[in-house]
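**Student:** No letters, just coordinates:
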Ligand code: FES
């Protein structure tokens, strides 16, 4: 039989209980850390998307007429294109550098 120990808070726990409680607590803490890391990777992160386009403007808005699109238009959604609002492929470098997964919006007419 093991003797119970008395902690500074008055909570009694035996050595046998301690041998079980410590590994359980460590596994629970590690599991919680891994779960929170997994969930935070799935959620949206806060921060600025636009780092360089028309920064002197309170809002960046572009408009185009449907008639001017032609058969296909490719619009940037990563905000890194030098031809913004059109995609110039800069998203590939951005994705490689950051681990992001952004790509363009492609608008095209249905095949006739
Ligand atoms: Fe931004 Fe392609 S350059 S989506």
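**Tutor:** Noted; the coordinates are in hand. These figures come from a predicted structure and were not determined experimentally. Numbering: from 1, shown residues only.
**Student:** Show me what from the protein comes close to the ligand.
**Tutor:** 76-78, 80-81, 87-91, 102-104 (CB under 6 Å from any ligand atom). The C-beta positions use only the backbone N, C-alpha and C, and glycine is treated the same way.
**Student:** Tell me the one of these nearest residue 24?
**Tutor:** Within these, proximity to residue 24 (CB to CB) peaks at residue 102, which comes in at 41.7 Å.
**Student:** My guess is residue 53 contacts residue 60. True?
**Tutor:** Yes - the criterion here is CB atoms under 8 Å, and residue 53 meets it with residue 60 at 5.9 Å.
**Student:** So for the two, which residue has more residues nearby?
**Tutor:** Legend: neighbour count by other CB atoms under 10 Å for residue 53 and residue 60, higher for residue 53 (15 against 12).
**Student:** What backbone torsions are found at the more buried one?
**Tutor:** In terms of degrees, to the nearest 10, the main-chain angles of residue 53 are phi -100, psi 120.
**Student:** list the helices and strands the longest helix seen in the chain packs on?
**Tutor:** In the chain, with assignment by DSSP state H, the single longest helix is helix 15-42. If you count contacts as 3 or more CB pairs under 8 Å, 6 or more residues apart in numbering; DSSP states H and E, helix 15-42 packs onto no helix or strand.
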